[in-house]
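[1] Fold the stuff below for me.
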Amino acid sequence: MRIFDRKPALRWLAPLAAVLVVGGTGGIVAVSASADPPLKPRTAEQLLVDLQQAEVDGLSGTVVQTSNLGIPEIPGGGGPHGSDSSLTAMVSGTHTLKVWYAGPDKARLALLGTFGQSDVIRHGKDLWLWASKDNTASHRTLSATKEHSRSTESPQESMTPEAAAAKVLKAVGPTTEVTTNGTATVAGRAAYELLVKPKDDRSLVTEVRIAIDSVESIPLRVQVVGVDQKPAFEVAYSAVDFSQPDDEQFAFNPPPGAKVTEVPPHPSVENNKKKADKHADKKQGRSNDPATSADRPVIVGSGWTTVVVAKTGDLKDSDNAQLSQLLNALSPVSGAWGSGRLLSGPAFSLLVTDDGRVAVGAVPPAMLYEALAK
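    Coordinates of the predicted model:
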């Protein structure tokens with residue numbers, strides 16, 4: 001398994017990790033520092049190369065994800081300690097996952113909860129999603145075509161340290177400083193720590209710490225630290241084994257009484273190409289599509305202080321009861337930009353306006369107001 005391969009088997013990222021990691025693209029500014037003994041010192045540049053070249057044939061382990069993003073407890077979400085195994089519960093609290101990997105076409109992840117678990121299982125061309133709580137499963141037959149395979153990744157593929165680290169480092173650029181941060185012990189294994197810090201002190205993210213296994217060069221832990229100097233988001237192995245799991249871990253047969261849904265295959269490569277050509281036409285102003293640029297997300301600022309402003313529709317009238325209750329739990333705010341509901345966390349801010357816009361970024365609320373007023 002390569003961490004930065006074009007088709008990694010486990011490129012899974014937590015629902016809000018993309019919000020927290022907003023560094024620009026471009027060259028890396030790296031500062032060397034010595035690791036603490038007994039590990040041989042490695043520079044930041046060397047660790048980045050190690051990550052790029054890391055490859056394992058097998059892996060299994062337990063992953064613990066903790067989110068302290070300042071989000072009110074989701075109604076019906078099962079509480080803050082992982083009692084709900086649904087994917088929507090992953091945005092807050094602490095959750096435990098099991099992961100197995102035995103090659104590009106053999107991977108499994110199970111999100112554990114008090115009342116059941118949710119699994120994503122890739123075995124050859126078979127992709128299964130299973131929820132034990134309501135005994136439902138969906139199945140898709142994957143195409144061998146590269147374009148098809150890249151579009152069949154599950155949202156759960158954002159829930160491992162490998163994927164979180166890949167997302168962080170993909171965002172590294174001239175607005176970021178990368179250094180080493182000594183050593184650490186994660187899941188009983190010695191690790192180097194890479195420190196990724198924004199240069200702009202307006203960002204609510206003060207640093208991201210990546211613990212890298214000293215032997216396998218695989219990320220074992222990723223911590224996103226907010227302005228309160230505490231991890232706002234952490235995903236880490238509590239146990240890990242780099243031997244190849246048995247094939248039986250990837251064999252899935254729906255249990256008796258399960259409701260199984262067969263998901264149709266993705267469109268042909270030709271249709272995908274047409275979509276890509278249409279998108280290129282839009283970018284170059286050749287589109288006859290009635291949708292205008294006003295409907296697309298607006299990017300304000302750059303690097304770690306980027307604010308994304310998008311249209312969401314009328315969320316207040318949403319049929320999703322949990323979403324409506326969550327919005328009502330947020331603080332009402334108003335200004336020259338209008339009025340809405342604000343979530344102000346230790347590492348990011350999110351504002352949903354009454355006129356159907358959403359602004360989000362790893363910035364203080366005042367920067368969201370400025371972005372909305374433009």
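[2] Three-state assignment for Ile212, please.
    Of the three states, Ile212 takes strand under DSSP: H, G, I helix; E, B strand; the rest coil.
[3] Contacts only, for it.
    Leu47, Asp50, Leu51, Ala191, Tyr192, Glu193, Leu194, Ile218, Pro219, Leu220 (C-beta atoms under 8 Å, 6 or more residues apart in numbering). In short, each C-beta sits where N, CA and C put it, glycine included.
[4] Mind telling me what element the third one is part of?
    This points to Leu51. helix 44-53 (DSSP states H and E).
[5] right, and the helix or strand after that helix?
    Helix 44-53 is succeeded, C-terminally, by strand 59-67 (DSSP H and E).
[6] Any chance you could list what contacts that next one?
    1, 14, 16, 90-101, 159-161, 187, 218, 231-243, 245, 249.
[7] Parallel or antiparallel, list what pairs with it.
    strand 93-101 (antiparallel), strand 231-241 (antiparallel) (DSSP bridges).
[8] residues near Gly124, how many?
    12 (other C-beta atoms under 10 Å).
[9] That one contacts Pro104, doesn't it?
    No: with contact defined as C-beta atoms under 8 Å, Gly124 does not count as touching Pro104 (10.3 Å).
[10] Can you add neighbour count and distance to Asn135 and give the contacts of Ile212 back as JSON lines?
    Below are the contacts of Ile212 laid out as JSON lines (neighbours: other C-beta atoms under 10 Å; distance: C-beta to C-beta, whole Å):
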{"residue": "Leu47", "neighbour count": "21", "distance to Asn135": "45"}
{"residue": "Asp50", "neighbour count": "19", "distance to Asn135": "43"}
{"residue": "Leu51", "neighbour count": "21", "distance to Asn135": "40"}
{"residue": "Ala191", "neighbour count": "25", "distance to Asn135": "39"}
{"residue": "Tyr192", "neighbour count": "26", "distance to Asn135": "44"}
{"residue": "Glu193", "neighbour count": "21", "distance to Asn135": "43"}
{"residue": "Leu194", "neighbour count": "26", "distance to Asn135": "42"}
{"residue": "Ile218", "neighbour count": "25", "distance to Asn135": "34"}
{"residue": "Pro219", "neighbour count": "28", "distance to Asn135": "34"}
{"residue": "Leu220", "neighbour count": "29", "distance to Asn135": "34"}
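[11] With pLDDT added, can I get these in a markdown table?
    Formatted as a markdown table, those follow (pLDDT from 0 to 100):
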| residue | pLDDT |
| --- | --- |
| Leu47 | 95 |
| Asp50 | 95 |
| Leu51 | 93 |
| Ala191 | 97 |
| Tyr192 | 97 |
| Glu193 | 97 |
| Leu194 | 96 |
| Ile218 | 95 |
| Pro219 | 96 |
| Leu220 | 97 |
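[12] Out of those residues, list just those in helices.
    With DSSP state H as the criterion, helices contain Leu47, Asp50, Leu51 from among these.
[13] Would you reformat those residues as CSV and include distance to Ala171?
    Converted to CSV, the ones in helices among the contacts of Ile212 look like this (distance: C-beta to C-beta, whole Å):
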residue, distance to Ala171
Leu47, 17
Asp50, 19
Leu51, 14
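[14] returning to what we had before: nearest to Val205, out of the strands paired with strand 59-67?
    strand 231-241 (7.9 Å; C-beta to C-beta).
[15] Name the strands paired with the very next helix or strand once past that closest one and say parallel or antiparallel.
    Going down the chain from strand 231-241, the next helix or strand is strand 259-262, by DSSP H and E. Strand 259-262 has its sheet partners listed here by DSSP bridges as strand 136-141 (parallel).
[16] Buried residues, the partner strand. List them.
    Under the neighbour-count criterion of 16 or more other C-beta atoms under 10 Å, strand 136-141 has Ala137, His139, Arg140 buried.
[17] And for stretch 245-258?
    Buried, per 16+ other C-beta under 10 Å, within stretch 245-258: Pro245, Gln249, Phe250, Phe252.
[18] Going along the chain, name the helices of the chain.
    Going by DSSP H, the chain shows helices at 17-20, 44-53, 146-149, 161-170, 269-283, 321-329, 365-373.
[19] Lowest mean pLDDT across those, which one is that?
    Of all those, the segment with the smallest mean pLDDT is helix 17-20, scoring a mean of 40.
[20] picking up where we left off before, rebuild the buried residues of stretch 245-258 as a markdown table, extending it with distance to Ser203 and pLDDT.
    Shown next, in a markdown table, are these (distance: C-beta to C-beta, whole Å; pLDDT from 0 to 100):
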| residue | distance to Ser203 | pLDDT |
| --- | --- | --- |
| Pro245 | 39 | 95 |
| Gln249 | 40 | 92 |
| Phe250 | 41 | 94 |
| Phe252 | 42 | 92 |
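[21] Out of those, which is nearest to Thr183?
    Pro245 (28.2 Å).
[22] looking at it, the closest one is touching Asp57, isn't it?
    No: Pro245 is beyond contact range of Asp57, at 10.5 Å (criterion: C-beta under 8 Å).
[23] hey, what's in contact with both of these two?
    What both Pro245 and Asp57 touch, as defined by C-beta under 8 Å, 6+ apart, is the set Ala102.
[24] which residues make contact with stretch 239-248 from outside it?
    Contact partners of stretch 239-248, identified using C-beta under 8 Å, 6+ apart, comprise 56-62, 100-102, 106, 187-189, 216, 218, 220.
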